[in-house]
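Engineer: Compute the structure for the input listed below.
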Amino acid sequence: MSMFVEQIEPHHEYRHRADDDPAYNESTYYNFACPESGVVGWLRVAIQENRPAAQAGVMLFLPGEALFDYRRLSAAAPRGLTAGDLAFEIVEPLRRQRLAFDGRLASFADPRVLTTPSAAFREAPRRNVRIELDVRGHGPPFGTNGDDPANYVEESMALGHFEQFIAVRGTVTVDGRRVEVDGRGLRDHSWGPRDWAGPHWYRWAIANLDDGTQVMALIVARRSGGTTREAALVKDGALTEAGLRDVRVRWTGDGFGEEVVIALSTPDGPVTLTATARTPHRFFPLRHHRRDDGGAALDTRIGYSAYEFRTDDGRTGLGVVEILDQLVDGLPLGMRQTAGPS
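Structural biologist: Numbers count the residues shown, from 1 in each chain. Have a look, this model is predicted:
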């Protein structure tokens, strides 16, 4: 399969007609990193039309704290990509969007307390937060449009799935303190039945480097035994597919990615990209729970954090790494497995 063989059209920007699967999910996601202010952000709207339900997630990494809120709503908006206090407006399909949030986020000195989320949210102080961002595409979108099963990135997660590197400008205001945002990142839009327990694990890294290059690397370990590897880079609006040769994680004792080393093949030659979790460490442990057909519990954890990047040719940058694993005895399955080089 490949994320570079199918055409992404303007109509893919909007909500899709759901099939009859109860697990059908339409998800839109933005992340960004601003080197000058140090702000790193993550915003996500998900619509489950067949439930009906919706989800809104906002995560901010600030120099002195990390802020987060996640809401499950019992009804989905009839149209558009909005949930609760979070709204994504399509200004120009595949070129420009506007993101807005106006609400309250919980503040965490160490987000790992969210391993027990009810108590953590109950005890966390709240911040009044307003986010207003203008998003413009940096290069064209790339991905799968859902037409050809041979190109599904991971069929248990989505049928259609496209991504686009972005430039982000605007403001983040926390308790009246306004911070200017001028950064870069990646956006993602996917649709189809979703089972977070579908893959064994995945690693998804987005790096925004100081020479203007942006890099995406994704590796998925499938339950079937196969491995999906995708990588792309963009500079000055020119999008290029890259080869993902290897991904290695150095773990903390409690199973978060302290360092991620990514080996790439690019048109300009091999590149090694090293992501180091920004200190002090602030890892978010987002969890999903369900039971399989036999009644056994399936626990999935997605670890998020802000990461500082460096390349073996001297470039530096800022971004995020998303690390999903099925949990076995409370620890990530990927601590026991590795895909190895391709």
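
Engineer: Show me what the top strand by length along the chain is packed against.
Structural biologist: Within the chain, and with DSSP state E defining each element, the longest strand by residue count is strand 177-193. Under the contact definition 3 or more CB pairs under 8 Å, 6 or more residues apart in numbering; DSSP states H and E, strand 177-193 sits against strand 24-33, strand 160-174, strand 201-209, strand 214-221, strand 316-328. Backbone N, C-alpha and C define where each C-beta goes, glycine included.

Engineer: Could you identify the helix or strand that succeeds the shortest one?
Structural biologist: Where DSSP states H and E defines the elements, the next helix or strand beyond strand 214-221 is strand 227-235.

Engineer: what's that following strand in contact with?
Structural biologist: Identification of contacts with strand 227-235 by CB atoms under 8 Å, 6 or more residues apart in numbering yields 1-4, 138-139, 142, 153-154, 163, 165, 211-222, 239-244, 264, 266, 339, 342.

Engineer: I'd like to know which of those residues are buried.
Structural biologist: Those of the contacts of strand 227-235 that meet the buried threshold are 1, 3, 138-139, 142, 153-154, 163, 165, 213-222, 239, 241-242, 244, 264, 266, 339, by 16 or more other CB atoms under 10 Å.

Engineer: Can you tell me, leaving aside adjacent residues, what's nearest to Gln214?
Structural biologist: Spatial nearest neighbour of Gln214, chain neighbours left out: Phe165 (4.5 Å); criterion: CB to CB, 6 or more residues apart in numbering.

Engineer: could you give the mean pLDDT of the helix or strand hosting Ala306?
Structural biologist: In the assignment (DSSP H and E), Ala306 maps to strand 297-311. Taken as a whole, strand 297-311 has a mean pLDDT of 96.

Engineer: Can you tell me how far the closest residue to Glu89 other than its chain neighbours is from Gly243?
Structural biologist: Using CB to CB, 6+ apart and skipping residues adjacent in sequence, the residue nearest Glu89 is Arg98, 4.2 Å away. Going from Arg98 to Gly243 by CB to CB, to the nearest Å gives 35 Å.

Engineer: what's the answer for Asp20, then?
Structural biologist: For Asp20, the distance to Gly243 - CB to CB - is 38 Å.

Engineer: how does the protein divide into domains?
Structural biologist: 19-195, 197-342 (automatic domain parsing).

Engineer: Make TSV out of those and add distance to Glu13.
Structural biologist: Shown next, in TSV, are the domains of the chain (distance: least, CB to CB, whole Å):
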stretch	distance to Glu13
domain 19-195	4
domain 197-342	17
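
Engineer: mind checking which of these is nearest Glu9?
Structural biologist: With CB to CB as the measure, domain 19-195 is the member of those nearest Glu9 (7.3 Å).

Engineer: Sounds good, over and out.
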